[in-house]
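Undergrad: Structure, please.
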Amino acid sequence: MKLAQLFTILFFTLLTIKTLLELYLSKRNENYVKNHMGEVPSAFANKISLQEHQKAAYYTIAKSRFSQATLLISVLTFIIWLPLGVLDKLDIWLHTFIADEILRGLALFGLFGVINLVIALPEKIYSTFVLEEKFGFNKMTPKLFVTDMVKQLILAVAIGGPFLYVLLLIINRLGDYWWLYAWGFLVSFQLLMVLIYPSFIAPLFNKFTKLENETLKEKIEKLLKNIGFAHSGIYVMDASRRSGHGNAYFTGFGKTKRIVFFDTLLKSLNDNEIEAVLAHELGHFKHKHITKMLVISVFFALISFWVLGFCYKTEAFYHGHFVTYTSSYMALLLFSLVSPLYTFFLTPVMSIFSRKNEYEADSFAAKYSNASDLVSALVNLYKENASTLTPDPLFSKVYHSHPPAYERIKHLESL
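TA: Below you'll find the predicted structure:
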C-alpha cells in the first residue's frame, strides 16, 4: 500500500471516529442533564432553587444541541475543503497568476480565512442573538457585533499577515532545520503577544478602569502582599457590554502583570467572595500552573514543527490529503487543518491535568482566604452563568477543564 493511500485511509478513519465520538458524548451529556433536571442535587438543595437548576439544564441542553449542529456543519465544511478538493482547486487557480510562493501562500491563507469567516457567521449570529439572548446572557448590539468583527479582521491582517510572511520566509530560506527556527519564531511571537495584549489589543475591545471599591481594593492588596504577587494594577473590564457571564483573570509577565475583574463578576459577588475567587486564580500562579502549561505548549509546538518538517518533504502527505502541489504554505495550512484529527485523543489527558490544577488552586484559596467564601462564590457563579450541576461524568472527564460542581465543592468543604 502506498503511503498516500495510508494517509487517506487514516484521515477518513479518524474523522469518522472523532465525529461519532463527539456526537455520542454530546448526546450522552444532553440526556444525562435532562434526566437529572427534576430535582436539585442534595448538596445544593439549600443554595440553588429548582427553577435556577432547571434554567441551567435547559441552557446546557440548548448549547449541546447547537454544538451537535455546528459539529456536523464543520465536518461537512472540512470534507468540502479537502476530500471534495475545493482547497486544491483554489490553490491551482492561484498558481495561474501568482508566481511567488510566499505571496501565493498569503493569498491562499487570506481567501481561506475570509471564506471560513463567512461560513461561520450564521452560527455566530445565532449563538449570540438567539441562544444567548434566549437565556438572558447576550448584551451585544448588532452595531457592536459588526464593530468587533471589523476590528478582528483588521488585527488579523495587521498582525497575522506579517507573522505568516516571516514564517513562510523561514520555511523557504533557512534550510533543513527551518522547523527549529520557525518554532523559535513562534514562541517569541507568542511571548510578545502576551506582553502587548493587555495594553494595546484588549483596550480595542473593552474599557478598563481602575478598581474604585476601596474596601475591596484594600482586601485584595493585603492578599497580594501575603502571597508576594507583583502587579501593575487592578482593573475592571466592561464585560457587561457583551455578555452577562462573569469571570476574572490576570495577564502579563513579571511586574507588568495586571489583575482584571469582569464588572459582571463584581455585581454578582460580595467582597469576601471576590477575594476568594482571586485567591483561587493566584493559586494557579503560585503553583506555577501557567508556567507548566506554557512549557507544555512550547514542547508540543516543537514536536509539531518537527513533524511538519517531515510532512513538508513528503509528497504522500499532500496527495493523501487531497492536494496536488507541494509548497511551504500548503504544508503549513494542511498540517493545521488535519493535525486535530491525529491528536484529539490528547483532549482527556489535558482535561485530567487541568482538573488537578483546579483542585490545587482551590486548596491554595482555602489557605489564603476562606473556603466557605469560595464555595459561596462558586454557587453564585453557577447560578449567574447557568452552569449545570449535573454534567454527564464521562463527558465531564473528557472535556471539562474544571471538576464538576459537586466534586469541587465537596473538596472545598473538606478543607
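Undergrad: mind checking how far the closest residue to residue 22 other than its chain neighbours is from residue 21?
TA: Using Cβ to Cβ, 6 or more residues apart in numbering and skipping the chain neighbours, the partner closest in space to residue 22 is residue 71 (5.8 Å). To be clear about C-beta, it is placed using only N, CA and C from the backbone, and glycine gets the same treatment. As judged by Cβ to Cβ, to the nearest Å, residue 71 and residue 21 stand 11 Å apart.
Undergrad: Same question for residue 130.
TA: Applying Cβ to Cβ to residue 130 and residue 21 gives a distance of 27 Å.
Undergrad: and if you look at residue 100?
TA: Taking Cβ to Cβ, one finds residue 100 at 42 Å from residue 21.
Undergrad: Check residue 216 too.
TA: Applying Cβ to Cβ to residue 216 and residue 21 gives a distance of 45 Å.
Undergrad: what do you get for residue 10?
TA: 16 Å.
Undergrad: Which secondary structure element of the chain has the lowest mean pLDDT?
TA: strand 248-251 (a mean of 78; mean pLDDT, DSSP states H and E).
Undergrad: who has more neighbours, residue 100 and residue 21?
TA: Taking neighbours as other Cβ atoms under 10 Å, residue 100 and residue 21 compare with residue 21 leading, 13 against 9.
Undergrad: pLDDT value on the more buried one, please?
TA: What the model reports as pLDDT for residue 21 is 97.
Undergrad: For beta bridges, what are the partners of the closest residue to residue 239 other than its chain neighbours?
TA: Of all residues not flanking residue 239 in the chain, residue 262 sits nearest, at 3.8 Å (Cβ to Cβ, 6+ apart). Beta-bridge pairing for residue 262 (DSSP bridges): residue 237.
Undergrad: Per-residue pLDDT of residue 262, please?
TA: So, for residue 262, pLDDT stands at 90.
Undergrad: Tell me if I'm right that it and residue 247 touch.
TA: Yes - look at residue 262 against residue 247 with Cβ atoms under 8 Å: they come within range, at 4.9 Å.
Undergrad: Common neighbours of these two, please.
TA: Common contact partners of residue 262 and residue 247 (Cβ atoms under 8 Å, 6 or more residues apart in numbering): residue 239.
Undergrad: between these two, which one's more packed in?
TA: Shown here are residue 262 and residue 247; by other Cβ under 10 Å, residue 262 has more neighbours (21 against 16).
Undergrad: for that one, what are its contacts?
TA: So residue 262 contacts 236-237, 239-240, 245-248 (Cβ under 8 Å, 6+ apart).
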